[in-house]
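Asks: quick check, what structure comes out for this input:
(chains A, B, C and D)
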Protein chains: 2
Amino acid sequence: MRSRLRERVAADITLSDEPGKTMRKWREEIGTSQYDLSKEMNVSPSVISDYESGRRPSPGIKTVRRIVDALMRLDELSGGKFSKEYEGVENEGILDIKEFPVGIPADIFVKEIDGVSVAENVPPTNNVNGYTILDSLKVITGMSSADYHKIYGWSSQRALIFVGVKFGRSPMVAIRAHPLRPAMVVYVRPERVDPLAVKLAELEKVCLVRTELEVPKLVDRLSRL
Amino acid sequence: MRSRLRERVAADITLSDEPGKTMRKWREEIGTSQYDLSKEMNVSPSVISDYESGRRPSPGIKTVRRIVDALMRLDELSGGKFSKEYEGVENEGILDIKEFPVGIPADIFVKEIDGVSVAENVPPTNNVNGYTILDSLKVITGMSSADYHKIYGWSSQRALIFVGVKFGRSPMVAIRAHPLRPAMVVYVRPERVDPLAVKLAELEKVCLVRTELEVPKLVDRLSRL
DNA sequence: AACTCACATCGGCAATCAACGAATACGCCC
DNA sequence: GGGCGTATTCGTTGATTGCCGATGTGAGTT
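Replies: Numbering: from 1, shown residues only, chains lettered A, B, ... in the order given. All right, here's what the predicted structure looks like:
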């Protein structure tokens, strides 16, 4: 019952500067209307609107729970796009996923993988809590939008490491389309990095890094951390 | 700023059935008094007491944030036992730590590692979100109590896998002493499993499993999941 | 143009919360 | 017993939320 998604959504709303916007983000992500959500919670639709618009800026945690749980139920009803977690797990696109026991300062992370920051505007700051290594092509062709949140494992404060990158546009576009946002994006031996990718990274305030290390070497380095 | 601990504490409080008790748990874990916490938040001590005792059962998320952030600050002040995350990271005791991209049903997890449940009372149910492989001895001798939460990575809903176990008493005692609780404890090739360990597992409602697989084999199996 | 659907806005009342402070209780140590 | 630090209880006061229902708006149909 205590799915990860539930905890993540709850923390996200609770710690958000604008809980309303965050609530809306998740509602839209689940793909339901204010009306349906309100019915699931047995309240009037205006209640949802009041929260989302910010008129009610600090809901009680009881309310947050009701909302989160209603969202989970709605997801379940509509086929459980998000909550049905295990089903053989053929995540073709995910090559490796790991969390660090402790957060690692981003600049140290970059150094460790011989990385070079390519987005001037967004220097490696903050912490990195984990990483996911992805096969760019398979992710884009093979994963449904609802699967995307799986690549974030725990903590979205992580590095998404793409291998098989040509110009680095598609990965950034995909990230832009998704409500969750990684702390860092790493391209492994890209042919080149398109200026548009850099621009998108700066827009999204995501630190963009390239490295010339090969994957096995990379994994080795990372496992040392 | 957005440390993992912060998110975890926030989610824990927000989703708790008894937010007061949860708040108290974390305050005590950080090791501060109601008085000091109240001063840090610029409120009267009775406010804290009111929350913790349950008179105020559903604090607004604004309040939750203030409390969580005050706790983080207090931790920082007292040397950052919890928040100082990176410091070379010599977590001798942690052999491996990983999160699954999706939660895995506990019974499947057990089957996958040729495990045998030894606590009748607590069958493998729920999901397992990740695992941590630990060197029992080093954990017990080498880690300070404040380091313990690191072994939970993200999601406490995980399997703690102990190698080098003799009777399995100390690991269970350590778990009992800590506020976080794993979903499952696995002993790798233990000499034997003491009845007391079983009893403690049942008390804590933690699923207890033993396996005869060797560590490399185990890691291999787990990485397939 | 009339009709939906999704969402926003607003007034308003009851319920709840936020916060204080003073009184009270529970150790524990001289 | 007396003092000290800590936690609890509780009455009280604004302030805010919880919730409703009516009304508005704006995009998309038909």
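
Asks: and the longest strand anywhere in chain A, what's buried?
Replies: Secondary structure of chain A per DSSP state E: the longest strand is strand A:94-105. Neighbour-count burial for strand A:94-105 flags A:94-104 (criterion: 16 or more other CB atoms under 10 Å in any protein chain shown). From N, CA and C alone the C-beta is placed, and that goes for glycine too.

Asks: check whether stretch A:189-207 contacts chain B.
Replies: No - if you take CB under 8 Å from any CB of the partner chain as the test, stretch A:189-207 misses chain B, and the best it gets is 13.1 Å.

Asks: nearest residue to the middle of chain A?
Replies: Residue closest to the mean C-alpha point of chain A, counted by CA atoms, centre = their mean, is A:Leu180 at 3.2 Å.

Asks: let me see the domain layout of chain A.
Replies: Domain segmentation of chain A under automatic domain parsing yields A:4-77, A:94-224.

Asks: burial count for A:Arg27?
Replies: Using other CB atoms under 10 Å in any protein chain shown, A:Arg27 has 21 other residues around it.

Asks: is DNA strand D within reach of the helix or strand harbouring A:Glu29?
Replies: Element membership for A:Glu29, per DSSP states H and E: helix A:19-30. No - using CB under 7 Å from any atom of the strand, helix A:19-30 stays clear of DNA strand D, with a minimum separation of 9.4 Å.

Asks: how about the helices in chain A?
Replies: Listed in chain order, the helices of chain A (DSSP state H) span A:4-15, A:19-30, A:34-41, A:45-53, A:61-77, A:106-112, A:136-142, A:169-177, A:195-204, A:215-224.

Asks: winner for burial among those?
Replies: A comparison of these by mean neighbour count, using mean count of other CB atoms under 10 Å in any protein chain shown, puts helix A:4-15 on top with a mean of 24.

Asks: show me what that one is packed against.
Replies: Here helix A:4-15 touches helix A:19-30, helix A:61-77, helix B:4-15, helix B:61-77, going by 3 or more CB pairs under 8 Å, 6 or more residues apart in numbering or on different chains; DSSP states H and E.

Asks: and A:Lys166, which of those is closest to it?
Replies: Across the helices and strands packed on helix A:4-15, A:Lys166 has its closest neighbour in helix A:19-30 (28.5 Å, CB to CB).

Asks: what angle do that closest one and helix A:45-53 make?
Replies: Orientation check (axes from the mean of the first three to the mean of the last three CA atoms, to 10 degrees): helix A:19-30 against helix A:45-53 gives 110 degrees.

Asks: work out the gap between helix A:19-30 and the centre of the chain.
Replies: 14 Å (CA atoms, centre = their mean, to the nearest Å).

Asks: and that helix, what's its mean pLDDT?
Replies: Mean pLDDT, computed over helix A:19-30, is 86.

Asks: would you mind measuring from A:Asp17 to A:Glu204?
Replies: In this view, A:Asp17 and A:Glu204 are 17 Å apart by CB to CB, to the nearest Å.

Asks: where does the residue located most distally from the centre of chain A fall, phi/psi-wise?
Replies: In chain A, counting by CA atoms, centre = their mean, A:Ser44 sits farthest out from the average C-alpha position, at 30.9 Å. Dihedral angles phi and psi of A:Ser44 (degrees, to the nearest 10) take the values phi -80, psi 150.

Asks: list the residues that contact the residue lying closest to it once chain neighbours are set aside.
Replies: Distance criterion CB to CB, 6 or more residues apart in numbering or on different chains; nearest residue to A:Ser44, sequence neighbours excluded, is A:Ser38 at 6.2 Å. Counting by CB atoms under 8 Å, 6 or more residues apart in numbering or on different chains, A:Ser38 touches A:44-45, A:47-48.

Asks: go on, A:Lys21?
Replies: Contacts of A:Lys21 (CB under 8 Å, 6+ apart): A:52, A:54.

Asks: what angle do the helix holding A:Glu29 and helix A:34-41 make?
Replies: Using the same axes, to 10 degrees, helix A:19-30 lies at 90 degrees relative to helix A:34-41.

Asks: with just CA atoms, put helix A:19-30 into PDB.
Replies: C-alpha atoms of helix A:19-30 as PDB (Å, rounded to 0.1, in the frame of the first residue of the first chain):
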ATOM      1  CA  PRO A  19       1.700  23.300  -3.200                       C
ATOM      2  CA  GLY A  20      -1.200  24.200  -5.600                       C
ATOM      3  CA  LYS A  21       1.000  24.000  -8.600                       C
ATOM      4  CA  THR A  22       2.500  20.800  -7.500                       C
ATOM      5  CA  MET A  23      -0.900  19.200  -6.900                       C
ATOM      6  CA  ARG A  24      -1.900  20.200 -10.300                       C
ATOM      7  CA  LYS A  25       1.200  18.700 -11.800                       C
ATOM      8  CA  TRP A  26       0.500  15.400 -10.300                       C
ATOM      9  CA  ARG A  27      -3.100  15.400 -11.100                       C
ATOM     10  CA  GLU A  28      -2.300  16.100 -14.700                       C
ATOM     11  CA  GLU A  29       0.400  13.500 -14.700                       C
ATOM     12  CA  ILE A  30      -2.100  10.900 -13.500                       C
END
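
Asks: can I get the helices of chain A in TSV including distance to A:Glu120?
Replies: Formatted as TSV, the helices of chain A follow (distance: least, CB to CB, whole Å):
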stretch	distance to A:Glu120
helix A:4-15	29
helix A:19-30	28
helix A:34-41	40
helix A:45-53	35
helix A:61-77	38
helix A:106-112	14
helix A:136-142	23
helix A:169-177	16
helix A:195-204	8
helix A:215-224	24
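
Asks: the contacts of A:Ser38: which ones sit near DNA strand D?
Replies: A:44, A:47.

Asks: quick one: stretch A:58-71 near DNA strand C?
Replies: Yes - against DNA strand C, stretch A:58-71 shows contacts by CB under 7 Å from any atom of the strand at A:58, A:60, A:62.

Asks: mind listing what the closest residue in space to A:Val198 that isn't next to it in sequence touches?
Replies: Leaving aside its sequence neighbours, A:Val198 sits nearest to A:Ala119 (CB to CB, 6+ apart; 5.3 Å). Residues near A:Ala119 by CB under 8 Å, 6+ apart: A:198, A:201-202, A:206-208.
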